[in-house]
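Engineer: coords please:
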Amino acid sequence: MIDYHTHTPLCKHAEGTPEEFIAAALAAGLNEIGVSDHAPWPSGYDSAFRMTAEEFREYHGIVASMAKSTSDLKVRYSLEIDWVPREMDEVWASVADEPFDYLIGSVHYTDDLPFDNPDHQTVWMTAERSSEVWIRYYELLLGFTGGGGFEIIAHFDLPKKFGNRPPETDEIDRLTTEILTAAADNHIVMELNTAGLRKPVAEIYPSPDILRKAKKIGVPITFGSDAHSPVEVAANFAEAVALAKECGYDSYTTFETRVRKTERF
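Structural biologist: The predicted model follows:
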């Protein structure tokens, strides 16, 4: 099994040494772990929760040293990159020559609203504002799945984090279908992210309904814990595998040098 979504203390909201992450992965029976900390670009974007550009070489070195430290575990090199409209040229130029195994795309802001930050949740969790946030979030998700450049969609329905689920409307259903169709067309897989089980929503990202739709459309899956500490590595993966099977999946995707491979459960 694999865990393709983990972080380092360089992001300013994680803890644990590289050695502790390696030990946790081996204890969980993983054969691959992906290090995918938050990218420091675009410049100045959400700087309180990510490494600086000056620290990026240090990050590269951390991942390289992890890979050299063990022959029992494959360590994959990645970044989690936020899709920020009109700011992606700097991002792509900054990572163009890096030997990544895969890149994770995510959305944490709807324009100027950090919707997954607990300090801001009361701003948008009214019925009317919630609908606006969900629609804008899915529009941004469609932007990066339609544009390509990533291998993995992170935490597909992240705005449900505090228990505020998307409204059941034709527009939300249409956007969900368009995002998944774009992902399938652009060979982007979707992670089952178990961090949702550690949040107020107490549900894996994405929901079972979205996962069933993804299976029908033909979007492959991978697995990520979104671990910000060693104890969270591969957390609740038994539940994630059970959900995948329940929704019709019998395989998951791995990556090496941005080439994907299908593995059976």
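Engineer: downstream neighbour of the helix or strand in which K216 is found in the secondary structure list?
Structural biologist: Element membership of K216, judged by DSSP states H and E, is helix 208-217. Toward the C-terminal end, the helix or strand that comes next after helix 208-217 (DSSP H and E) is strand 221-224.
Engineer: what's the weakest-modelled helix or strand in the protein?
Structural biologist: helix 121-124 (a mean of 87; mean pLDDT, DSSP states H and E).
Engineer: So for stretch 136-148, what gets flagged as buried?
Structural biologist: R136, Y137, Y138, L140, L141, L142, G143, F144, T145 (16 or more other Cβ atoms under 10 Å). For every residue, glycine as well, the C-beta is placed using N, CA and C.
Engineer: let me fix that: stretch 80-93
Structural biologist: Buried, per 16+ other Cβ under 10 Å, within stretch 80-93: E80, I81, D82, W83, V84, M88, V91.
Engineer: now what about that stretch, what contacts it?
Structural biologist: The contact list for stretch 80-93 (Cβ atoms under 8 Å, 6 or more residues apart in numbering) reads 5, 7, 36-39, 41-43, 45-46, 95, 103-109, 140-141, 143-144, 147, 149-150, 154.
Engineer: Could you pull up the mean pLDDT of it?
Structural biologist: The average pLDDT within stretch 80-93 is 96.
Engineer: CA-only coordinates of it in CSV, if you can.
Structural biologist: Below are the C-alpha coordinates for stretch 80-93, written out as CSV (Å, rounded to 0.1, in the frame of the first residue of the first chain):
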residue,chain,number,x,y,z
GLU,A,80,1.0,19.9,-3.3
ILE,A,81,0.4,22.9,-5.5
ASP,A,82,-2.5,25.3,-5.1
TRP,A,83,-4.3,26.3,-8.2
VAL,A,84,-4.3,30.1,-8.2
PRO,A,85,-5.9,31.6,-11.3
ARG,A,86,-3.6,34.0,-13.3
GLU,A,87,-0.6,33.1,-11.0
MET,A,88,0.4,29.7,-12.4
ASP,A,89,3.1,30.8,-14.8
GLU,A,90,5.5,31.4,-11.9
VAL,A,91,4.6,28.1,-10.4
TRP,A,92,5.3,26.1,-13.5
ALA,A,93,8.5,28.0,-14.2
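Engineer: Nearest to P118 among the buried residues of stretch 136-148?
Structural biologist: P118 has its nearest neighbour among the buried residues of stretch 136-148 in Y137, at 16.9 Å by Cβ to Cβ.
Engineer: ok but the closest one is inside a helix, no?
Structural biologist: Yes: when DSSP: H, G, I helix; E, B strand; the rest coil is applied, Y137 is found to be in a helix.
Engineer: Now do it, the pLDDT please.
Structural biologist: Y137 is given a pLDDT of 98.
Engineer: Please tell me I have it right and it contacts F115.
Structural biologist: Yes: with contact defined as Cβ atoms under 8 Å, Y137 reaches F115; the gap is 7.0 Å.
Engineer: Need the residues touching each of these two.
Structural biologist: With Cβ under 8 Å, 6+ apart as the test, Y137 and F115 both reach L158, P159.
Engineer: Name the single longest strand found in the protein.
Structural biologist: strand 74-82 (DSSP state E).
Engineer: right, and the helix or strand after that strand?
Structural biologist: helix 88-95.
Engineer: following that next one, which helix or strand shows up next?
Structural biologist: strand 102-106.
Engineer: tilt between that next one and helix 88-95?
Structural biologist: 150 degrees (axes from the mean of the first three to the mean of the last three Cα atoms, to 10 degrees).
Engineer: How about the contacts made by the nearest residue to M51 once chain neighbours are set aside?
Structural biologist: With sequence-adjacent residues excluded and distances taken as Cβ to Cβ, 6 or more residues apart in numbering, M51 is closest to L10, at 4.0 Å. Contacts for L10 (Cβ under 8 Å, 6+ apart) come out as D37, R50, M51, E55, E58, Y59, I62.
Engineer: burial count for K245?
Structural biologist: Using other Cβ atoms under 10 Å, the number of residues around K245 comes to 11.
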